Structure formats: C-alpha cells, structure tokens
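*Asks:* quick one: sequence and predicted model below, then my questions.
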Amino acid sequence: MQPTRHLSRLLLAALLAIVAVASPAVWAARLTDAQRAEIAQIRAFTLTDRFVDKYLAAQADPDYPVAALAGMLVGTDDDEDDTEYDTDADGGDEYDTDEGNADEDDDAQPQSTAQWIDAIEATPGAADFLAGHGLSVRDFVLGRSMLAFAAFLQAEQQNPDLFEDDEVGGIDLDLIVSPANMAVYLRNKDKIHRTMMEAGRRQLRSHEKSRWSR
C-alpha cells in the first residue's frame, strides 16, 4: 500500500506554526497571540498512562458522539480521497485511502484547537459524555493532538521519507513532543492502535450512514 503524503489541514497548520519556535522573529511575525497560546498549550500537555486509558475508554464507548468529537483526525482534505490512519497486522503504521468520499462539509469545520473546544462545548451532551469518562473537553482536545503528533513523530522516525519536505516545512517534531510524552505514547502504542482502528471503523460506518440518510 502506498502511504499518503498528506496531513489534515488542522494538523498541518499546527505543524507549520511550530516552525516559528526555532525562530523568534518568524514566530512574532506569523503568529497571533491566540495562536502562540494555542500552540504552547499543546506543547505543554503532559501525557500519562491514566489519560490514555480514559481517552481510549471514551473512544471504545458505543455511545461515543462521533459527529461532535470527530475533529482533528489524521487524514487528508484532498478532494480526491478520504484517508484514515490505520495500522497493519504487524503493528506498523499505514494509511488507508477510500477514493471519492471527501467530506463535503470540511470547509465548515473549526480550524483551531480553541475552536474545536468551543464547538464541543456547544454541542449538547458532548462535554457530559467526556466528563463521564473523567475527561475535560480541554484535556480531550489537547491530549488527542499530542497523541497525533507523537504518532507523526514516530512515523517520521521510522520512515523519514514518509513526508515531503515541502509539506511539513522541514519541521522538527521533537519541538512538539517531549521525550516523556513520546515514552507514554510508545508504551501504549499497541492498545492505542487497536482501539483507534475500531473507532475509525465505527466513525466510517456512521459517516456512511449519515450520507445515505440525507
């Protein structure tokens, strides 16, 4: 299977913003105060085994509100395909592409972490669902972002040619993911992949059901 070379719009925007960390002048010129604060929150988030367990329990819950919490998934905004982050039988990273199923409402989706938090909090029942699993909306969004960045970093380390230089701007993902956070991700990687694979299938089924019911 040929790996995709696309990142989601949200994750790519965040990754590009992180470049400024290495250059104060660029940081000041290109980021607003709100963007600086947002990126700093993601970088400062501390992953723990307990958080991962809560996060995965929420993902595995049959009542998981897919429509409300489906933002910030690893994938593509390309008009030609939808891409789902997956793992093969040996636990290696790969991307499955479903041709011709682009999200028609993509342009209307929130494009920042703060907007995702606001959108979830504004959705009836979404915050209560997370609270039932011991998660705040903020921790869910920031933790999900950190897990995604950790997955990207490991993929880059294992397959340096996975991402084209002009797509990630030569970003050092170590600027986002601390060694401690990476250690938590690696320690829980297998169960994260198993749970997220099933969550992805459930979300895909929900998406298809929603499309056909229109």
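*Replies:* Received, thanks. Since the model is a prediction, treat every value here as computed from it, not as a measurement.

*Asks:* buried stuff in stretch 114-134?
*Replies:* By neighbour count on 16 or more other C-beta atoms under 10 Å, the buried set for stretch 114-134 is 114, 116-117, 119-120, 126-127, 129-130, 133. Any C-beta I mention is one placed from the backbone N, CA and C, and that applies to glycine too.

*Asks:* tell me which of the residues you listed is nearest to Ala68?
*Replies:* Proximity of these to Ala68 (C-beta to C-beta) peaks at Ala126, which lies at 3.9 Å.

*Asks:* and that closest one, what does it touch?
*Replies:* Listed by C-beta atoms under 8 Å, 6 or more residues apart in numbering, the contact set of Ala126 reads 65, 68-69, 120, 137.

*Asks:* ok, the closest residue to it other than its chain neighbours - contacts?
*Replies:* Nearest-residue entry for Ala126: Ala68, 3.9 Å, with adjacent residues in sequence omitted and distances by C-beta to C-beta, 6 or more residues apart in numbering. With contacts defined as C-beta under 8 Å, 6+ apart, the neighbours of Ala68 are 119-120, 123, 125-126, 129.

*Asks:* in which helix or strand would I find Ala68?
*Replies:* Secondary structure from DSSP states H and E places Ala68 in helix 66-69.

*Asks:* longest single helix anywhere in this structure?
*Replies:* Secondary structure of the chain read by DSSP state H shows that its longest helix is helix 179-212.

*Asks:* could you pull out the strands for this structure?
*Replies:* With DSSP state E applied, the chain shows strands at 81-87, 93-99, listed in chain order.

*Asks:* could you give the mean pLDDT of the first one?
*Replies:* In this case it means strand 81-87. For strand 81-87, the mean per-residue pLDDT is 39.

*Asks:* which among the contacts of Ala68 gets closest to Asp174?
*Replies:* When the contacts of Ala68 are compared for distance to Asp174 (C-beta to C-beta), Ile120 wins out at 28.9 Å.

*Asks:* OK, contacts around that closest one?
*Replies:* Taking C-beta under 8 Å, 6+ apart as the criterion, Ile120 is in contact with 68-69, 126-127, 130, 137, 140-141.

*Asks:* what about 6 Å?
*Replies:* Residues in contact with Ile120, defined by C-beta atoms under 6 Å, 6 or more residues apart in numbering, are 68, 126, 137.

*Asks:* and the gap between it and Ser136?
*Replies:* Computed as C-beta to C-beta, to the nearest Å, the Ile120 to Ser136 distance reads 10 Å.

*Asks:* also Phe129?
*Replies:* Note on Phe129: its distance to Ser136, by C-beta to C-beta, is 12 Å.

*Asks:* over to Asp190?
*Replies:* Applying C-beta to C-beta, one obtains 26 Å for the distance of Asp190 from Ser136.
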